[in-house]
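Give me a model of this one.
(2 chains)
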Amino acid sequence: MLQATAKITDAFLDHAAYLGGMPAVVVEDLRVVRGGNVVLTGLSFAVGSGSVTGLLGPSGSGKSTLMRALVGVQIVAGGRVEVLGLPAGAAALRRRVAYTTQAPSVYGDLTLRENLRYFARLLGRGRDGVERAIAMVGLDGLGDRQVRTFSGGQLSRASLASAVLGEPELLVLDEPTVGLDPVLRRDLWATFRDLASAGITLLVSSHVMDEADRCDRLLLLREGHLLADETPGSLRARTRCDRLDDAFLALVEAA
Amino acid sequence: MTATAVRVLQQLRRDPRTLALLLLVPPLLITLFRYLFDAQPQVFDRVGGPMVGIFPFTTMFIVTSIAMLRERTTGTLERLMTLPITKLDLLLGYGIAFAAMAALQASITSAVALGLLGLDVKGPVWVVVVLAVLNAVLGMAIGLFTSAFARTEFQAVQFVPAVVFPQILLCGLIVPREHMLTVLRWISAVLPLTWAYDGLAHAVAGGNGGRVVRDACIVIAVTMLALALGATTLRRRTG
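Coordinates of the predicted model:
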């Protein structure tokens, strides 16, 4: 067992070297059981720093559970989850890792600015950070509007603004583009790209395969198993499919 | 924790209807009470003063249950649990905000009761207001704890008849405890509102400061216990 773990760790170190630098996330044999059902069945993977990793899979595949495990709010049954060199959920990570849940977790009865100022105060950040975050997600001019009057797209961007506010090193975003029109989705992915080039590591979940092409790396999850952990290009080559949707199907059928 | 207190007060300010209900319903009810017992002013004098201090318990119980339930169901609590805030900070933030609201509520209610309705309070009014604030924080702490057992706002509201009504019936406000059946008196002895009422009744009557202090200490101790239990329901990690 120990030897096996050592082997896995070696594999990860190679993987990390390949990714160029320390991985932001290392997961080894992660198992999660919820209500007697095994949701994650011993996942192992690493996420490189400063990259955009897409976590894709149908709803119910365990994406949200995996993200919750990474930010340390999920009770896990076994395995190791290391984030920025620390165990997931460590108190020191609460300033370095930011997370948005699938439902926009902001206070609907407050204005956007009041929401962001609250989260900024908890993070020990000033007001200029609030204005920067508003601009970054393209909600300029809406700062003084009550968040509950926002459209779905504005809401998820408000939630994203609360996450980027603390200038985290790792951003974990659960389905941030769900229900957005194509233009907004494109803009948001451009924002993710900008954040990654600034050195931030992003893990973004989606159940829309066409978003997979915008990622540096893909994790394909189905029924708690990892079907793939590679670049979109290598996934295409391996499955000999042009469309990633077909590649996913090919993997499901092969499994 | 001041960040959270400010945020909770901002939320209340954004909800003028709730604010109006919080601040205007108690004086209206006490006015109703005054004229209901128009023919028996001694009843109003006995019950009116303690009522000033019991309203905040009920209203803060309701407001906190719903507010905390919303934190749990909208995902904001999960976000907070990934941020650098301790559970104590969060709980104290709520406590400070609702204590401030309670002070305002009790001041308005007692101003109406004493100034307009001629309520006769023998003890100092500020003691009644301080006890009202303590009761509000007690209501908040119990509401916070019970909200963990509700999944929807419908359920949370049902905790009012389940948790608050029996305490109001048994605390001595309606029937003095010494006239109760022994079993009911025993039950009332373990209900926190009984001691809150006892302190208020003695404060209003203007005698026995030691008894008021003792009752206040019981209320504070139960509040701490409820807050500690409430803190255990705020988990960073959940299934």
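
what residue is smack in the middle of the chain?
All of this is about chain A. With the centre of chain A defined as its mean C-alpha position, the nearest residue by CA atoms, centre = their mean is A:Leu203, 2.7 Å away.

wrong one, I was asking about chain B
By CA atoms, centre = their mean, chain B has its centre lying nearest to B:Phe57, at 1.4 Å.

Near chain A, which residues of chain B? Just list them.
Chain B comes close to chain A at residues B:3-4, B:6-7, B:10-11, B:14-15, B:74-76, B:78-85, B:236-239, as judged by CB under 8 Å from any CB of the partner chain. Using the backbone N, CA and C atoms, a C-beta is placed for each residue, glycine as well.

do that again at 7 Å, thanks
B:3, B:7, B:10-11, B:14-15, B:74-76, B:78-79, B:81-85, B:236-239 (CB under 7 Å from any CB of the partner chain).

can you pull out the helices in the chain?
You didn't pick a chain, so chain A it is. Ranges of helices in chain A, per DSSP state H, are A:2-19, A:63-70, A:112-123, A:127-136, A:152-164, A:182-197, A:232-239, A:244-254.

hmm, I had chain B in mind actually
So, for chain B - with DSSP H - the helices run B:2-13, B:16-36, B:41-74, B:76-81, B:87-111, B:125-146, B:153-159, B:165-170, B:182-189, B:192-205, B:209-233.

roughly how far apart are A:Glu28 and A:Gly79?
To A:Gly79, A:Glu28 is 6 Å away according to CB to CB, to the nearest Å.

Look at these two and report which has more neighbours.
When neighbours are counted by other CB atoms under 10 Å in any protein chain shown, A:Glu28 and A:Gly79 differ, and A:Glu28 comes out ahead with 19 against 16.

is the more buried one in a bridge, and if so with what?
Applying DSSP bridges to A:Glu28 gives these bridge partners: A:Arg80.

Got a PyMOL select line for the buried ones in the residues of chain B next to chain A?
Buried residues among the residues of chain B next to chain A (16 or more other CB atoms under 10 Å in any protein chain shown), as a PyMOL selection:
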select buried, chain B and resi 3+7+10+11+14+74+75+76+78+79+81+82+83+85+236
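
can you pull the contacts of the residue nearest to A:Arg121 when sequence neighbours are not counted?
Leaving aside its chain neighbours, A:Arg121 sits nearest to B:Ala3 (3.8 Å; criterion: CB to CB, 6 or more residues apart in numbering or on different chains). Taking CB atoms under 7 Å, 6 or more residues apart in numbering or on different chains as the contact definition, B:Ala3 lies against A:118, A:121-122, B:93.

A:Asp128: which of these is nearest?
Using CB to CB, A:Arg121 is the member of these that sits closest to A:Asp128, with 13.5 Å.

pLDDT score for the closest one?
Reported pLDDT at A:Arg121 in the predicted model: 95.

That one - how many residues pack around it?
Should you count by other CB under 10 Å, A:Arg121 turns out to have 18 residues around it.

how near is it to B:Ile168?
Applying CB to CB, one obtains 38 Å for the distance of A:Arg121 from B:Ile168.

Over to B:Met60?
Distance from B:Met60 to B:Ile168, by CB to CB: 14 Å.

between those two, who's got more neighbours?
The neighbour comparison of B:Met60 against B:Ile168 (other CB under 10 Å) goes to B:Met60, with 31 against 17.

B:Gly143 versus the more buried one, what's the distance?
When B:Met60 is compared with B:Gly143 (using CB to CB), they lie 7 Å apart.

what's the answer for A:Leu171, then?
Applying CB to CB, the value for A:Leu171 to B:Gly143 is 35 Å.

neighbour count winner among those two?
For A:Leu171 against B:Gly143, the residue with the higher neighbour count under other CB under 10 Å is B:Gly143, and the figures read 31 against 22.

quick one: contacts for that one?
B:60-62, B:64-65.

just to revisit the earlier point, mind listing the residues bridging to the residue nearest to the centre of chain A?
Beta-bridge pairing of A:Leu203, defined through DSSP bridges, involves A:Thr53, A:Val172.

Would you mind confirming that it is in contact with A:Thr53?
Yes: taking contacts as CB atoms under 7 Å, A:Leu203 lies within contact range of A:Thr53: 5.0 Å.

Now the common contact residues for these two.
Taking CB under 7 Å, 6+ apart as the contact rule, the neighbours common to A:Leu203 and A:Thr53 are A:Val47.

residue contacts, A:Lys112?
Small correction: residue A:112 is Leu, not Lys. With contact taken as CB under 7 Å, 6+ apart, A:Leu112 is in contact with A:134, A:139, A:142-143, A:145, A:147, A:158.

swap the cut-off to 8 Å and go again
If you count contacts by CB atoms under 8 Å, 6 or more residues apart in numbering or on different chains, A:Leu112 has them with A:106, A:134, A:139, A:142-145, A:147, A:150, A:158, A:161.

Could you list the low-confidence segments of the stretch 101-250 of chain A?
Across the stretch 101-250 of chain A, no stretch falls below the confidence threshold (pLDDT under 70).

Name the residues of it found near chain B, please.
Residues of the stretch 101-250 of chain A lying close to chain B by CB under 8 Å from any CB are A:101-111, A:114, A:118-119, A:121-124, A:146, A:162.

Need the overlap of contacts for A:Glu28 and A:Gly79.
In terms of CB under 8 Å, 6+ apart, A:Glu28 and A:Gly79 are both contacted by the residues A:Ser44.

Pull out the buried members of the residues of the stretch 101-250 of chain A next to chain B.
If you count burial by 16+ other CB under 10 Å, the buried members of these come out as A:101-111, A:114, A:118-119, A:121-123, A:146, A:162.

Right, and chain B sits closest to which residue of the stretch 151-255 of chain A?
Proximity of the stretch 151-255 of chain A to chain B (CB to the nearest CB) peaks at A:Ser162, 7.2 Å away.

need the contact list for the residue nearest to that residue when sequence neighbours are not counted.
Excluding the flanking residues, the one nearest A:Ser162 by CB to CB, 6+ apart is A:Phe119, at 4.8 Å. By CB under 8 Å, 6+ apart, A:Phe119 lies in contact with A:162, A:165-166, B:79, B:83.

Out of those residues, flag the one nearest to B:Thr152.
Taking CB to CB as the measure, B:Thr152 sits nearest to B:Arg79 out of the contacts of A:Phe119, at 20.7 Å.

Isn't that closest one up against A:Val97?
No: B:Arg79 is beyond contact range of A:Val97, at 11.8 Å (criterion: CB atoms under 8 Å).

Go through stretch B:20-40 and flag the buried ones.
Judged by neighbour count (16+ other CB under 10 Å), stretch B:20-40 contains these buried residues: B:22-23, B:26-27, B:30, B:33-34, B:37.

Just put these in TSV and tack on pLDDT.
Supplementary listing: these in TSV, determined by pLDDT from 0 to 100:
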residue	pLDDT
B:Leu22	88
B:Leu23	92
B:Pro26	91
B:Pro27	93
B:Ile30	92
B:Phe33	90
B:Arg34	92
B:Phe37	91
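
so how many other residues sit close to residue 220?
Since you didn't name a chain, this refers to chain A. Taking other CB under 10 Å as the definition, A:Leu220 ends up with a neighbour count of 23.

The intended chain is chain B.
Should you count by other CB under 10 Å, B:Ile220 turns out to have 13 residues around it.
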